[in-house]
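Asks: Got a sequence here, can you model it:
(4 chains)
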There are 2 protein chains.
Amino acid sequence: MTTLLPDARADTRARIEQAALELFARTGFEQVTTDEIADAAGISRRTFFRYFATKADAVWGDFASHVERLEQLLGAARPDQPVLASICAAYVEVNDYSAADLPMLRQRMALILGEPALQAHSQVRYADVDRVVAEYVARRSGERPDALLPRLVATTTRAAATTAFEVWLAGGTTSLGDDLHAAFDQLAAGFPTLRTA
Amino acid sequence: MTTLLPDARADTRARIEQAALELFARTGFEQVTTDEIADAAGISRRTFFRYFATKADAVWGDFASHVERLEQLLGAARPDQPVLASICAAYVEVNDYSAADLPMLRQRMALILGEPALQAHSQVRYADVDRVVAEYVARRSGERPDALLPRLVATTTRAAATTAFEVWLAGGTTSLGDDLHAAFDQLAAGFPTLRTA
DNA sequence: GACGTTAGTGACACCCAGTGCCACCGGCAA
DNA sequence: TTGCCGGTGGCACTGGGTGTCACTAACGTC
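Replies: As a prediction, this is how the structure comes out:
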């Protein structure tokens, strides 16, 4: 049963993830038990929890590597670029999926943004993103990462990115990058549309 | 055992809440079982879940009424005031606790912002706040509540308010109202501090 | 005062997520 | 062959949350 090729674990992980995602999309996150996922993936329930710490984690793929990539992009951002522009560019870059991967992304995000249990879990994941962004803003502004401004920029830009995701998901016509840019433009300018209202 | 004064339920609820909060603050949220809360409050475990849908809800008090009050304040906001100023004022007003209630608030917020399980649960609660604010922005701007701008303002202002809470909680010297104003000022102006950086 | 009604409650059984533990098995090196 | 080691399955257990039923105390009605 155990083929010890170096990526055997990665294969199993991918198989579990795929089985879980399909079941979640069809029946809803709460309705699917970990027993059913394990059965569908051909493993035991105990093994499922060796690949994913929680049922929710099966939806998030390798989110940690996304955060790492965001961190690298921010670390390599041009210093002459405005801080918010760098953050926006990093968000766009990290979420630049190929057309082939878009359906999978839509499915994932529909679950994360739609299912209350996953919405709740997302907060924990976003904390990592916020920490990375706050550290970048701290470097650029000379403040401490736990000061108001770095934290504020981190949480509000992440809120903007999430909202752009929601709008993109609901609308379907626009591109995700455009929605992200639109949200960041509003944020960076202090919501100019509102001032004329 | 059951005295059927009209507010007997409210009394019991308050007693449970107090017992839970004290146990959480002393031992940590995850360490306390619902059995222990029930024992401390002099009720059965089953009854605990008749007063609070989840263990986490015991920390949030009557949050629904806070949201209602926020909605009323926004409904009564002066139309000549900038949108963000009205939202800020409403947030400040809703969170304007008397000096006597501040210790309780600190305890509550320290739990909500510090314990991962409660952080996760908070997302679900914030969704109600966001909906109320988005509807207000929609009214003021003439857009639909599910359009980008109303949602964006709702999520970013709430992120700003939460961050102000965190800074207030960590610092301890400033007043919560001042921190809220500072955060909203940055947000409304598009983070002017960053531009000079 | 006996009556049914109703709200609140406790006890019990149950489901499910998540964990700790142990036994097993396949590959691999000495 | 022996012993180690990583992945696995089985199993028991904890703890949050739910459904159900029986009990009881207050209340109104006849």
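
Asks: Tell me where the model's unsure across chain A.
Replies: A:1-6, A:196-197 (pLDDT under 70).

Asks: for it, which residue is closest to the average position?
Replies: A:Phe63 (6.4 Å; CA atoms, centre = their mean).

Asks: what helix or strand does the residue nearest to that residue when sequence neighbours are not counted sit in?
Replies: Sequence neighbours aside, A:Arg125 is the residue nearest to A:Phe63 in space, at 5.7 Å (criterion: CB to CB, 6 or more residues apart in numbering or on different chains). Bear in mind the C-beta positions are built from the backbone N, C-alpha and C, glycine included. Using DSSP states H and E, A:Arg125 falls within helix A:116-141.

Asks: That helix: what's the following helix or strand?
Replies: By DSSP H and E, the next helix or strand past helix A:116-141 is helix A:148-171.

Asks: Give me the contacts around the helix or strand following that following helix.
Replies: Next helix or strand after helix A:148-171 toward the C-terminus (DSSP H and E): helix A:176-188. Residues from elsewhere that reach helix A:176-188, judged by CB atoms under 8 Å, 6 or more residues apart in numbering or on different chains: A:82, A:84-85, A:87-88, A:91-92, A:95-97, A:156-157, A:160-161, A:163-165, A:167-168, A:171, A:192-193, B:148-149, B:152, B:156, B:190-191.

Asks: Could I have the buried ones of those residues as ChimeraX selection syntax?
Replies: ChimeraX command restricting the contacts of helix A:176-188 to the buried ones, with burial defined by 16 or more other CB atoms under 10 Å in any protein chain shown:
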select /A:84,87,88,91,92,95,156,157,160,161,163,164,165,167,168 /B:148,149,152,156,190,191
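
Asks: Please list which of the contacts of helix A:176-188 also come close to DNA strand C.
Replies: Near DNA strand C, judged by CB under 7 Å from any atom of the strand, there are no entries from the contacts of helix A:176-188.

Asks: thinking again about what came up before, the helix holding A:Arg125 vs DNA strand D: in contact?
Replies: No. Using CB under 7 Å from any atom of the strand, helix A:116-141 stays clear of DNA strand D, with a minimum separation of 10.2 Å.

Asks: That helix packs against which elements?
Replies: Counting contacts by 3 or more CB pairs under 8 Å, 6 or more residues apart in numbering or on different chains; DSSP states H and E, helix A:116-141 is packed against helix A:63-75, helix A:83-94, helix A:102-114, helix A:148-171, helix B:116-141, helix B:192-196.

Asks: Just the buried positions in that helix, please.
Replies: Result for helix A:116-141 [16+ other CB under 10 Å]: buried residues A:117-123, A:125-141.

Asks: repeat for stretch A:71-88
Replies: A:71, A:73-74, A:77, A:83-84, A:86-88.

Asks: Can you give me the distance of A:Thr33 to chain B?
Replies: 19 Å (CB to the nearest CB, to the nearest Å).

Asks: CSV for the helices and strands packed on helix A:116-141, including distance to B:Ala25?
Replies: Below are the helices and strands packed on helix A:116-141 laid out as CSV (distance: least, CB to CB, whole Å):
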stretch, distance to B:Ala25
helix A:63-75, 31
helix A:83-94, 36
helix A:102-114, 32
helix A:148-171, 24
helix B:116-141, 12
helix B:192-196, 35
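
Asks: Looking at those, spot the one closest to A:Gly42.
Replies: helix A:102-114 (20.9 Å; CB to CB).

Asks: Verify the stated contact: A:Asp35 with A:Arg45.
Replies: Yes. With contact defined as CB atoms under 8 Å, A:Asp35 reaches A:Arg45; the gap is 5.4 Å.

Asks: How is chain A divided into domains?
Replies: Domain assignment for chain A, taken from automatic domain parsing, gives A:8-58, A:61-196.

Asks: Any chance of a markdown table for these, columns distance to B:Ala20?
Replies: Below are the domains of chain A laid out as a markdown table (distance: least, CB to CB, whole Å):
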| stretch | distance to B:Ala20 |
| --- | --- |
| domain A:8-58 | 24 |
| domain A:61-196 | 19 |
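
Asks: ok so, going back, got the angle between the helix holding A:Arg125 and helix A:148-171?
Replies: 140 degrees (axes from the mean of the first three to the mean of the last three CA atoms, to 10 degrees).

Asks: which bits of chain A sit near DNA strand D?
Replies: A:1-2, A:8-9, A:12, A:42-47, A:50-51.

Asks: For A:Leu152, which non-adjacent residue is spatially closest?
Replies: B:Thr163 (4.9 Å).

Asks: need the contact list for the one you found.
Replies: Neighbouring residues of B:Thr163 by CB under 8 Å, 6+ apart: A:148, A:151-152, A:155-156, B:183.

Asks: And the furthest pair within the residues you listed?
Replies: Going by CB to CB, the pair spanning those furthest: A:Leu148 and A:Thr156, at 11.5 Å.

Asks: and the residue of chain A found nearest DNA strand D, how many neighbours?
Replies: Residue nearest to DNA strand D within chain A (CB to the nearest atom of the strand): A:Thr47, separated by 3.0 Å. The criterion is other CB atoms under 10 Å in any protein chain shown. On that basis, A:Thr47 has 13 neighbouring residues.

Asks: Now do the helix or strand containing it: which elements does it pack against?
Replies: Assessed by DSSP H and E, A:Thr47 sits inside helix A:45-51. If you count contacts as 3+ CB pairs under 8 Å, 6+ apart, helix A:45-51 packs onto helix A:8-27, helix A:34-41.

Asks: at 6 Å what do you get?
Replies: helix A:34-41 (3 or more CB pairs under 6 Å, 6 or more residues apart in numbering or on different chains; DSSP states H and E).

Asks: All good on my end, thank you.
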